[in-house]
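Q: Based on what follows, work out the 3D shape:
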Amino acid sequence: MAGAVQTFATMCPMNCHPTLCGMLVDVQDGEVVGVRGDKDNPDSQGFLCVRGQASRQIIGNPKRLLKPLIRDRRSDDAWREAGWDEALDLIAARIRKAGREATALWSGHGNLANNYGLSSGGQMLTRFANLYGCQYWSPAMICWGLGGFGLGLTGALEINTKEDMGANSQLIVLWGANLASQPNTARHVLAAKKRGARIVTIDVRETEAAAQSDEVMLIRPGADAALALAMMQMIIGEGLYDAEFVAAHTLGFNELAGHVPQFTPEWAARETGIAAERIAAFARAYATTKPAMIVLGGSSIHKGGNSWHAARAVSCLPALAGSYGTAGGGLGSRHAALAHGGGFATIAAAERRPPGRYVPNQMSEITAALANGQVRVLLLFGTNMTSSYADAGRLSAALDKLDLVVCHELFMNETTRRHADVVLPGTAWLEDIGCKATHTHLYLTDRILPRAGEARPTQEVLKGLASRLGVQDFYPWASQEELLDALLDHPAAGGATIAALRGNAGRMALNISHVAYPDHRFHTPSGKIEFYSARAAAAGLPPLPVHEAPAAPATYPLALCQGRSLTQFHAFYDHGQALPLLAARDPGPQLWLSPGDAAKRRLADGNAIRVFNGRGEFAAKAHVTGHIPDGVVWMRDGCVGLNRVTSGAPALPEAALGLFHFTVGQAAYEAMVEVAAA
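A: Alright, predicted model coming up:
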């Protein structure tokens, strides 16, 4: 006789930050029998997209990794099952042979499935690397780091919350921010629209957000800074700026005022493809509509030419409008940002890192270190590295040279299949305790199910290695609950502990301000918004916002852009193919291209194609659509082969890498391509 169904509140394991979703999980006789949105979750209020619905298929999935696997040669027929002791003994022996400086850790979103926001998984990896003295590189470089760099130079790292936007904004500019990547924000956009707020979308294609917008401006890839500069020219030239705010809270206005006259709407029209009169009208509307909020894209807008310049230039606009520190103004909710007062404690032990020859957090240098033998052993936690890393062909060639590649995963993927020597089975989000955080709330993700097979969580893998390698004081806590309590020991958490969360239905409001910079103290050395950045100049970068026009296309005439879709997130769960619900909705790699570009190449919708340039090529199917302009093609990120054609060249000089606490060493990800029938 079947037992009673028990319902547990938790969080979706898909890390669509900043809009994480609450989830109710129904369990009967130790098996998940259903998942649905949690109506009592203050962030998601019952919403749960198809990605979250599909997550139930992680549990009991026949493709799930359940035992450690080892192989002596990198071929599909060489895998054998092993015990944990054998696997960890092998890894430790290879690490000792290579040496600590030739050993590296790298993690991805999969390591954060039950701890995004708090980042206990990443903090444990960082702590291990600091105490042992091995290499560790932040995963931010494949995502939001460059955008954060541009914002940081200006001084605008905090955001107003989505709740503030929905209640107070009169103009919302979705600048490269597609609602497919943060679906919970859409509810607040619509709430603002019902109040009468105007919605403007700026993007390289007509996204899901475009359908909810009053105006859509399709912009040439890499030209976002040009549009922002023309807006500055109009706002300053016509005296539409907030002189009082500028005088009190900014630095370098005179330099900016002398810099922008050259950036006329007519000039910007040539750079952006947007008509000059539309640019002028938009600049006036932005400056005169109070309050106006810009929601800046978190990842895709910063992959390609001029990647960080967009955030640098766009973040100057709220200062001219005087909207920083006001309800409904400033910059809106974005990936990996913090609300005012937000944050958590650290267990990383950075002060205990021994001297060493460390590879910088710079994609190009990491790939070089893997290729030239400086790194011999690589441990990957929850990341399909060859899917997310720029210039993936060069990366794969480098991985082929390593003495040992270890992957801690739930499912096989192209990195494990081609490059791994050891695969360690990881726990799913319901099989270990964690804690997640949005901009406004803290959520307990308690352990609900026993671990599948021989799966182990990150902390147990690292504890096993630490004991074998003599790493002292790696895990001084009596339990994972105590470790999480240490991270929660921060004013933003308001005294929260795991015990307190358990006694409060697993959730607590964070002690934050919904308005960023209410004290007008900004993240710069001067404490002011810096139109002119001496830090940038010292690092060899332009001190004022600029637009660097991409080189004119020659052999490869199509600008390849990437972003998110509603059915996928990076390359999670073997590109979603391990989960039947997502696999059934995934048509495989699809390349958006315009009818004009398709006709030139004699391509029709659904045709098998190859996408190529001098770096490599990959296979896809053509999606011919009028929702993208000529000269631009688009594909969701994480598709197999996509990054074989993207540039791994550094976007910033090494002198700029240490300006902020987060990683900014992202590659350019630029890709000009050609498309032909397969």
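
Q: Show me the beta-bridge partners of Met635.
A: Gln562 (DSSP bridges).

Q: From Gly121, how far off is it?
A: As for Met635, its distance to Gly121 is 28 Å (criterion: CB to CB, to the nearest Å). Bear in mind the C-beta positions are built from the backbone N, C-alpha and C, glycine included.

Q: The two: which is more packed in?
A: Gly121 (26 against 23; other CB atoms under 10 Å).

Q: what's the helix or strand for that one?
A: helix 120-132 (DSSP states H and E).

Q: do Ile172 as well
A: strand 171-175.

Q: next structured bit after that strand?
A: According to DSSP H and E, the helix or strand after strand 171-175 is helix 183-195.

Q: what's the following helix or strand after that following helix?
A: strand 198-203.

Q: can I get the CA coordinates of that next one in PDB?
A: Backbone C-alpha positions of strand 198-203 (Å, rounded to 0.1, in the frame of the first residue of the first chain) are rendered in PDB as follows:
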ATOM      1  CA  ARG A 198       6.300  52.900 -20.800                       C
ATOM      2  CA  ILE A 199       8.400  49.900 -21.700                       C
ATOM      3  CA  VAL A 200      11.300  50.100 -24.200                       C
ATOM      4  CA  THR A 201      13.400  47.200 -25.400                       C
ATOM      5  CA  ILE A 202      16.800  47.600 -26.900                       C
ATOM      6  CA  ASP A 203      18.300  44.400 -28.400                       C
END
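
Q: Tell me the buried residues in stretch 248-264?
A: Within stretch 248-264, the residues that qualify as buried are His249, Thr250, Leu251, Gly252, Phe253, Leu256, Ala257, His259, Val260, Phe263, Thr264, counting by 16 or more other CB atoms under 10 Å.

Q: Hmm, His520 and the first one touching each other?
A: Which is His249. Yes: between His249 and His520 there is a contact under CB atoms under 8 Å: 5.0 Å.

Q: need the strands for the stretch 151-300 of the chain, in chain order.
A: 171-175, 198-203, 215-218, 250-251, 292-296 (DSSP state E, counting those that start in this stretch).

Q: quick one, what contacts the nearest residue to Glu481 once chain neighbours are set aside?
A: Distances taken as CB to CB, 6 or more residues apart in numbering place Ile498 nearest to Glu481, at 4.5 Å, with adjacent residues excluded. By CB atoms under 8 Å, 6 or more residues apart in numbering, the contact list for Ile498 reads Ile433, Cys435, Leu444, Glu481, Leu484, Asp485, Leu488.

Q: Leu24 too?
A: Thr7, Phe8, Ala9, Thr10, Val35, Arg36, Gly37, Asp38.

Q: mind checking how far the last one is from Ser169?
A: When distance is defined by CB to CB, Asp38 is 26 Å away from Ser169.

Q: which of the two has more neighbours?
A: Each of Asp38 and Ser169 had its neighbours counted (other CB under 10 Å), and the higher figure belongs to Ser169 (32 against 27).

Q: So that one is in contact with Ile294, correct?
A: No: counting by CB under 8 Å, Ser169 stays clear of Ile294, with 9.8 Å between them.

Q: Would you check that Thr427 makes contact with Pro457?
A: Yes: counting by CB under 8 Å, Thr427 does reach Pro457; the two are 4.6 Å apart.

Q: Phe612 versus the residue lying closest to Asp637 once chain neighbours are set aside, what's the distance?
A: Excluding the flanking residues, the one nearest Asp637 by CB to CB, 6+ apart is Gln562, at 4.4 Å. Distance of Gln562 to Phe612, given as CB to CB: 16 Å.

Q: who's more crowded, the two?
A: More crowded of Gln562 and Phe612, by other CB under 10 Å: Gln562, with 21 against 17.

Q: residues contacting the more buried one?
A: Ser300, Lys303, Trp634, Met635, Arg636, Asp637, Leu642, Tyr669.

Q: Show the model's pLDDT score for it.
A: pLDDT for Gln562: 89.

Q: Leu379 contacts His408, correct?
A: Yes: in this structure, Leu379 is within contact of His408 by CB under 8 Å, at 7.5 Å.

Q: Report the central residue of this structure.
A: For the chain, the residue sitting closest to the mean C-alpha position, by CA atoms, centre = their mean, is Cys143 at 3.8 Å.

Q: so who does Ala536 touch?
A: So Ala536 contacts Leu153, Pro542, Pro543, Ala656 (CB under 8 Å, 6+ apart).

Q: what's the farthest-apart pair in those?
A: Spatial extent of those (CB to CB) is set by the pair Pro543 and Ala656 at 12.5 Å.

Q: out of the two, which sits in the more crowded spot?
A: Set Pro543 next to Ala656 and count neighbours by other CB under 10 Å: Ala656 wins out with 22 against 19.

Q: separation between that one and Tyr389?
A: Per CB to CB, Ala656 is found 20 Å from Tyr389.

Q: Over to Ala554?
A: 26 Å.

Q: Which one of the two is surrounded by more residues?
A: Tyr389 (26 against 7).

Q: In space, what's closest to that one - neighbours in sequence excluded?
A: Closest residue in space to Tyr389, ignoring its immediate chain neighbours: Leu395 at 4.9 Å, by CB to CB, 6+ apart.

Q: what number of residues lie near the one you found?
A: Residues within reach of Leu395, counting by other CB under 10 Å, total 24.

Q: which ones are touching it?
A: Thr367, Leu370, Met385, Thr386, Tyr389, Gly648.

Q: in the stretch 301-450 of the chain, which segments are predicted with low confidence?
A: Residues of the stretch 301-450 of the chain meeting the criterion pLDDT under 70: 305-306.

Q: can you map out the strands along it?
A: Using DSSP E, counting those that start in this stretch, strands in the stretch 301-450 of the chain cover 377-381, 404-409, 422-425, 434-437, 441-445.

Q: Pick the most deeply packed of those.
A: Between the strands of the stretch 301-450 of the chain, strand 434-437 has the highest mean count of neighbours, a mean of 28, where neighbours are mean count of other CB atoms under 10 Å.

Q: Can you give the contact residues for it?
A: By CB under 8 Å, 6+ apart, strand 434-437 touches 11, 20, 113-118, 120, 344, 442-445, 484, 487-488, 498, 501, 510.

Q: filter the residues you listed to the buried ones?
A: Buried among the contacts of strand 434-437 (16+ other CB under 10 Å): 11, 20, 113-118, 120, 344, 442-445, 484, 487-488, 498, 501, 510.

Q: Let's see which of the residues you listed end up in strands.
A: Members of the buried ones among the contacts of strand 434-437 lying in strands (criterion: DSSP state E): Met11, Leu442, Tyr443, Leu444, Thr445.

Q: Alright, that wraps it up for me.
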